[in-house]
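Participant: sequence plus the predicted model coming up.
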Amino acid sequence: MPDTRTRLNHGEGEVIALTIMDMIALRAPTTSPLHHRRICGKDIWAIANYIGQILETCDLVTFYAEHVYLDQETLDTILYKMISNLRGVRRNIFFYSTTIASGTLRLPMDTSLLLGFVADIGSLNMSLTRCRIARYIVGAH
């Protein structure tokens, strides 16, 4: 996103979006004696440090959903938030995009990054412990 302070990494967004699509499309086994249910949108939560990454991930999920014929209701229940807005939220499956670089191997030497919330260990710990079943941390893709 030129001329803004936000960042996004298309590769990280794509990894998260495709994994979300695979999870939602997966059919629970019917031969197991255990009760399994399908993963649905309300189980999933995607977070990032930058609003640009949140918007990119949401756009990519919407784009790929058209190819697997997901209904809008399922898409509307997936939660997208910036890491600084997590208080009181819990979901079963958690995707965290660390998004620091824009897909390049290194940032220019004169680039300053404000890590803010991520640099606060207590806040980071709180955000990483909000999921109930699975935690996926995607970075430097």
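Facilitator: Alright, I've got the coordinates. Numbering: from 1, shown residues only.
Participant: mind checking the SS state of the most centrally placed residue in the chain?
Facilitator: The centre of the chain sits closest to Ala46, judged by CA atoms, centre = their mean, with a distance of 2.7 Å. Put simply, Ala46 is strand when judged by DSSP: H, G, I helix; E, B strand; the rest coil.
Participant: list the contacts of stretch 22-41.
Facilitator: The contact list for stretch 22-41 (CB atoms under 8 Å, 6 or more residues apart in numbering) reads 44, 68, 70, 73-78, 92-93. Glycine gets a C-beta too; all of them are placed from N, C-alpha and C.
Participant: could you list the buried residues of that stretch?
Facilitator: The neighbour-count check on stretch 22-41 (16 or more other CB atoms under 10 Å) flags 23-24, 39, 41 as buried.
Participant: end-to-end on it?
Facilitator: By CA to CA, to the nearest Å, the extent of stretch 22-41 from end to end equals 12 Å.
Participant: any idea of the mean pLDDT for that stretch?
Facilitator: For stretch 22-41, mean pLDDT rounds to 81.
Participant: could you find the closest non-adjacent residue to the residue nearest to the centre of the chain?
Facilitator: Leaving aside its sequence neighbours, Ala46 sits nearest to Phe95 (CB to CB, 6 or more residues apart in numbering; 4.5 Å).
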